[in-house]
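Requesting a structural model of the entry that follows:
(chains A, B, C and D)
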Number of protein chains: 2
Amino acid sequence: MSRRRVTIDDVAKLAGVSYQTVSRVINNKPYVSETTRQRVQEVIAETGYRPSPIARSLVTARTATIGLVVPDISNPYFSAIARGVEQVAYSKNYNVLLCNTGEDASRELEVLHALDERYVDGVIVCGLREEDALLQEALVHFRAAVLVNRRFADETIPAIVVDDVLGGYLATQHLLQMGHTAVGFIAGPTTSYSGAKRLQGYEKALTEAGLERQIDWVQHCPPTVVGGQLATQTLLANHPEITALFCYNDLVAVGALRDCAAVGRRVPQDMAIVGYDDIMLATLVSPPLTSCHVPRVEMGSQAVSMLLNCINNETDRCDEIVVTPELVVRASTMGVDTAVSVKQTAVLPNRAH
Amino acid sequence: MSRRRVTIDDVAKLAGVSYQTVSRVINNKPYVSETTRQRVQEVIAETGYRPSPIARSLVTARTATIGLVVPDISNPYFSAIARGVEQVAYSKNYNVLLCNTGEDASRELEVLHALDERYVDGVIVCGLREEDALLQEALVHFRAAVLVNRRFADETIPAIVVDDVLGGYLATQHLLQMGHTAVGFIAGPTTSYSGAKRLQGYEKALTEAGLERQIDWVQHCPPTVVGGQLATQTLLANHPEITALFCYNDLVAVGALRDCAAVGRRVPQDMAIVGYDDIMLATLVSPPLTSCHVPRVEMGSQAVSMLLNCINNETDRCDEIVVTPELVVRASTMGVDTAVSVKQTAVLPNRAH
DNA sequence: ATGAAAGCGCTAACAT
DNA sequence: ATGTTAGCGCTTTCAT
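Residues are numbered from 1 along each chain as shown, chains lettered A, B, ... in the order given. Model prediction:
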């Protein structure tokens, strides 16, 4: 398509200086006379010369690229995080290498290896499922790494996490305040770090209300609509006394909604439902879902900031950011006549092609 | 975090061979004795040596990385394409550099420049809004490029496009077959290439049915839920005679759904609605949306295949793939009692964290 | 079958 | 203020 690249040498020759001087100009280094700088810049403009990031990386041992590992980029939860990551990274002149693991734990390690220590300056990893030990072994090779939504037991790696205990607590407490006493929990995958935390919050709210936690009111499932639908079906078949459900995430909650619709239970009159994450979908189903809002884009942005701090060895290295979720109340728990938002629900932030 | 890297030289010394021989081994080149190969491989395993992709790129002028430019990765339409791209790229040992333009036309050029000619082997660009001339100027620098959902007038750049004329035709024809004669079109952005094609299909169906196209039954809007809601409100206020709506995409269709709910029009009894793309959301709203299915993941996969063909100068270079959309009929056009899927609706493919 | 030499395009000392 | 010399880690000729 195009012929030989213009190199720093070509520019130097055309400008009648050594290629060193050109290097100084493009890197804004001092000790170049204004006239020379001018001339060099003109030549650069004329030739359309652009320094090769590859050659540069070879000598600087920096790539200005960070890796982003997610289970599934088409999941709205992670695509929002990715957008936050991208925005900040781009504004700081970093590129983002995207990697999906396809929800496959062993792929996490493969991807991390493929992302090669020398090819990125750092990695941000979300929604990990693999074991601590293996992950730590894989992550230790990177100059810097930030975890999203998970902590290692020894807290060696900086992380940004949601206060999921609080989230689970708020969601459950809300249901209790609405007068429910039989509150089930559709709990997501057993391996989920966040799921375990939300369960703690759920238990805490029950305990505070003087209610005994019923072991079999908790039903695990894949974090999908279908997963939620089947789990709800099972749970309610065994425990028809349940009148409210706290769900692992909004997709699971939509599954619960579907099961209720299928068996003719009205929401919220016969069954109150709370989701988690507050993805766009939560506002679009009927009834709209009460959900625990998680600021995903911001989490992505903050993860990059943390990572760049580590990469550049900035002073105040903080190694944990805890994000606070907020309950957004909608019709799925309120009774249609009283449907209002406690929190100001943001004007729909959905974009499309 | 970790000390000095193991280089090809270290391996050579430890194995007692020249570093050239090591290079041969890692590249599976011939002319290495089996014993030497063994020994070198042992040392590689022991030291954990991995060749530097940067150094390699500098000499081969290949990066094994492709750029992917999308307007917004959190839009389900594009995240699905991204997943297709990622899958295939990864299987062929290519990395993907993700770039959002934030729906901003001028950012498209910036991003393309940032993606630098020498940093990626090729680019896949989706949902472009910028003018042909500027884009072509920016794209000509790359070794290879593939467009998704757009063609340049001169067809210089290979592309993968949906047959949107057909899609618009099928959607409209379906509505006409259901007995509607006043069919409006909520048309999305005026600058959208796909939108223009869908409009053609819409007109074609009307003409075939012997109906005159009413200029002001077409209402443009941003491709979002809110955009669709406002456009529907406007259109129906001016034309209460309209009983069916074809919508630019599913988000817009959901907006239409919302407006109908707000003013008490029942769907599909008082208003039939057809969306486009068939994103997961289409199956989750009530009533579920009839929509034109676009195989987005496959489009992403195919775009990579085309791109790698170009990069590697494979023989049969095809420069256009036209993907055929299929209408999936759901309750938003059928009347609740007859709600069935004409096409087998895939078991919900939604994944979550 | 193996090694030696050159060079990819650049930055970073060290001159001058 | 500018030029000279190395060398980043690798692949690619070209010898042997």
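
near DNA strand D, which residues of chain A?
Applying Cβ under 7 Å from any atom of the strand, we find that chain A lies next to DNA strand D at A:16-21, A:24, A:30-33, A:35-37, A:55, A:58-59. (C-beta placed from N, C-alpha, C; glycine too.)

Surely residue A:142 and residue A:125 touch.
No. Using Cβ atoms under 8 Å, residue A:142 is not in contact with residue A:125; the gap is 9.8 Å.

Comparing these two, which shows the higher neighbour count?
Neighbour count, other Cβ atoms under 10 Å in any protein chain shown: between residue A:142 and residue A:125, residue A:125 has more, with 30 against 26.

quick one: contacts for that one?
A:69, A:108, A:112, A:135, A:139, A:145, A:146, A:147, A:148 (Cβ atoms under 8 Å, 6 or more residues apart in numbering or on different chains).

Now it: which helix or strand?
Taking DSSP states H and E as the criterion, residue A:125 maps to strand A:122-126.

and the first helix or strand past that strand going along the chain with chain B, contact?
Beyond strand A:122-126 on the C-terminal side, the first helix or strand identified by DSSP H and E is helix A:132-139. No. Against chain B, helix A:132-139 shows no contacts by Cβ under 8 Å from any Cβ of the partner chain, the least distance being 9.0 Å.

Point out the other helices and strands that helix A:132-139 packs with.
For helix A:132-139, the packing partners by 3 or more Cβ pairs under 8 Å, 6 or more residues apart in numbering or on different chains; DSSP states H and E come out as helix A:105-114, strand A:122-126.

How far away from the center of its chain is the last one?
Spelled out, it's strand A:122-126. With Cα atoms, centre = their mean, to the nearest Å as the basis, strand A:122-126 stands 10 Å off its chain's centre.

just to revisit the earlier point, ranking the helices and strands packed on helix A:132-139 by mean neighbour count, which comes first?
strand A:122-126 (a mean of 26; mean count of other Cβ atoms under 10 Å in any protein chain shown).

That strand - what's its average pLDDT?
The average pLDDT within strand A:122-126 is 95.

Kindly calculate the angle that that strand makes with helix A:132-139.
150 degrees (axes from the mean of the first three to the mean of the last three Cα atoms, to 10 degrees).

can you give me the angle strand A:122-126 makes with helix A:105-114?
With the same axes, to 10 degrees defining the directions, strand A:122-126 sits at 170 degrees from helix A:105-114.

if we can go back for a sec, rebuild the contacts of residue A:125 as a markdown table, extending it with pLDDT.
A markdown table is the format used below for the contacts of residue A:125 (pLDDT from 0 to 100):
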| residue | pLDDT |
| --- | --- |
| A:69 | 94 |
| A:108 | 89 |
| A:112 | 90 |
| A:135 | 90 |
| A:139 | 90 |
| A:145 | 93 |
| A:146 | 95 |
| A:147 | 95 |
| A:148 | 95 |
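
As TSV, those residues with distance to residue B:308 would be great.
Output for the contacts of residue A:125, formatted as TSV (distance: Cβ to Cβ, whole Å):
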residue	distance to residue B:308
A:69	23
A:108	25
A:112	24
A:135	31
A:139	30
A:145	30
A:146	32
A:147	33
A:148	31
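
Could you tell me how many residues sit around residue A:154?
Residues contacting residue A:154 under the criterion other Cβ under 10 Å number 8.

Same question for residue A:215.
Neighbours of residue A:215 under the rule other Cβ under 10 Å: 6.

try residue A:328
Neighbour count for residue A:328, taken as other Cβ under 10 Å: 22.

Over to residue A:266?
Neighbour count of residue A:266, defined by other Cβ under 10 Å: 11.

surely it meets residue A:272?
No. Applying Cβ under 8 Å as the test, residue A:266 and residue A:272 come out as separate, 10.6 Å apart.

about what we covered before: report the entries of the residues of chain A next to DNA strand D that also contact chain B.
Among the residues of chain A next to DNA strand D, the residues within reach of chain B (Cβ under 8 Å from any Cβ) are A:55, A:58.

Are we agreed that residue A:291 is in a helix?
No. Counting by DSSP: H, G, I helix; E, B strand; the rest coil, residue A:291 is not found in a helix; it is strand.

Would you state the helices of the stretch 101-250 of chain A in chain order?
With helices called from DSSP state H, counting those that start in this stretch, the stretch 101-250 of chain A shows them at A:105-114, A:132-139, A:164-177, A:193-208, A:225-238, A:250-263.

tell me the most buried of the ones you listed?
The highest mean neighbour count among those, using mean count of other Cβ under 10 Å, belongs to helix A:250-263: a mean of 25.

For that one, C-alpha coordinates in CSV please.
The C-alpha coordinates for helix A:250-263 follow below in CSV (Å, rounded to 0.1, in the frame of the first residue of the first chain):
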residue,chain,number,x,y,z
ASP,A,250,-29.4,-7.8,37.0
LEU,A,251,-29.3,-10.6,34.5
VAL,A,252,-30.2,-13.1,37.2
ALA,A,253,-32.9,-10.8,38.4
VAL,A,254,-34.3,-10.6,34.9
GLY,A,255,-34.4,-14.4,34.9
ALA,A,256,-36.3,-14.3,38.2
LEU,A,257,-38.7,-11.8,36.6
ARG,A,258,-39.2,-14.2,33.7
ASP,A,259,-39.9,-17.1,36.0
CYS,A,260,-42.5,-15.1,37.9
ALA,A,261,-44.1,-14.1,34.6
ALA,A,262,-44.2,-17.7,33.5
VAL,A,263,-46.0,-19.0,36.6
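
Show me the contact partners of that helix.
Contact with helix A:250-263 is made by A:186, A:188, A:221, A:223-233, A:236, A:245, A:247, A:266-267, A:270-271, A:273-279, A:281-282, A:285, A:287, A:289, A:291, A:332, B:284, B:286, B:350, B:352, as judged by Cβ under 8 Å, 6+ apart.

OK, contacts around the spatially closest residue to residue A:259 that is not a sequence neighbour?
Closest residue in space to residue A:259, ignoring its immediate chain neighbours: residue A:232 at 4.0 Å, by Cβ to Cβ, 6 or more residues apart in numbering or on different chains. Residues in contact with residue A:232 (Cβ under 8 Å, 6+ apart) are A:186, A:219, A:245, A:255, A:256, A:259, A:260.

rerun at 7 Å
Neighbour list for residue A:232: A:186, A:245, A:255, A:256, A:259 [criterion: Cβ atoms under 7 Å, 6 or more residues apart in numbering or on different chains].

Tell me the secondary structure at the spatially most central residue of chain A.
Centroid-nearest residue in chain A, with Cα atoms, centre = their mean: residue A:81, separated by 3.7 Å. Per three-state DSSP, the secondary structure class of residue A:81 is helix.

Look up how far chain B lies from it.
9 Å (Cβ to the nearest Cβ, to the nearest Å).

is it true that that residue touches residue A:300?
Yes. Counting by Cβ atoms under 7 Å, residue A:81 does reach residue A:300; the two are 4.1 Å apart.

Quickly list what's touching both of the two.
Common contact partners of residue A:81 and residue A:300 (Cβ under 7 Å, 6+ apart): none.
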